[in-house]
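Novice: Provided below are the primary sequence and the corresponding predicted coordinates.
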Amino acid sequence: MNIKCCSLILLFAASGAFATDGVPDVQRVVSVTAVPGSCQVEPATLVYLDSQGVRHTVDYLVMGTCQGGV
């Protein structure tokens, strides 16, 4: 399992995106902010539709990948 997948699972758990029976209530991911190449913590956004078709937006912080120097 890659780091992006693990991060999304933790994000869904922390944001309450799971239905009461423990099954993810995410029907479709609309958009996810790309992880920046900086060496800083930066804001990111996940937009998804739940099983009822309701659009949700989750704002969170993500650590950059430090590509290209400091």
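Specialist: Looks like it came in fine. Keep in mind that what you see is a predicted model, and the values were worked out from it rather than measured.

Novice: Mind jotting down where the helices sit in this protein?
Specialist: 3-15 (DSSP state H).

Novice: Point out where the protein drops to low pLDDT.
Specialist: Low-confidence segments of the chain (pLDDT under 70): 1-24, 68-70.

Novice: Please, where are all the strands along it?
Specialist: With strands called from DSSP state E, the chain shows them at 28-32, 41-49, 55-63.

Novice: Out of those strands, which is the most enclosed?
Specialist: The highest mean neighbour count among those, using mean count of other CB atoms under 10 Å, belongs to strand 41-49: a mean of 15. (Each C-beta comes from the backbone N, C-alpha and C, glycine too.)

Novice: which strands and helices sit next to that one?
Specialist: Under the contact criterion of 3 or more CB pairs under 8 Å, 6 or more residues apart in numbering; DSSP states H and E, strand 41-49 touches strand 28-32, strand 55-63.

Novice: go again using 10 Å as the cut-off
Specialist: Under the contact definition 3 or more CB pairs under 10 Å, 6 or more residues apart in numbering; DSSP states H and E, strand 41-49 sits against helix 3-15, strand 28-32, strand 55-63.

Novice: Specify the angle between it and strand 55-63 in degrees.
Specialist: 160 degrees (axes from the mean of the first three to the mean of the last three CA atoms, to 10 degrees).

Novice: got the angle for strand 41-49 vs strand 28-32?
Specialist: Using the same axes, to 10 degrees: strand 41-49 against strand 28-32 is 150 degrees.
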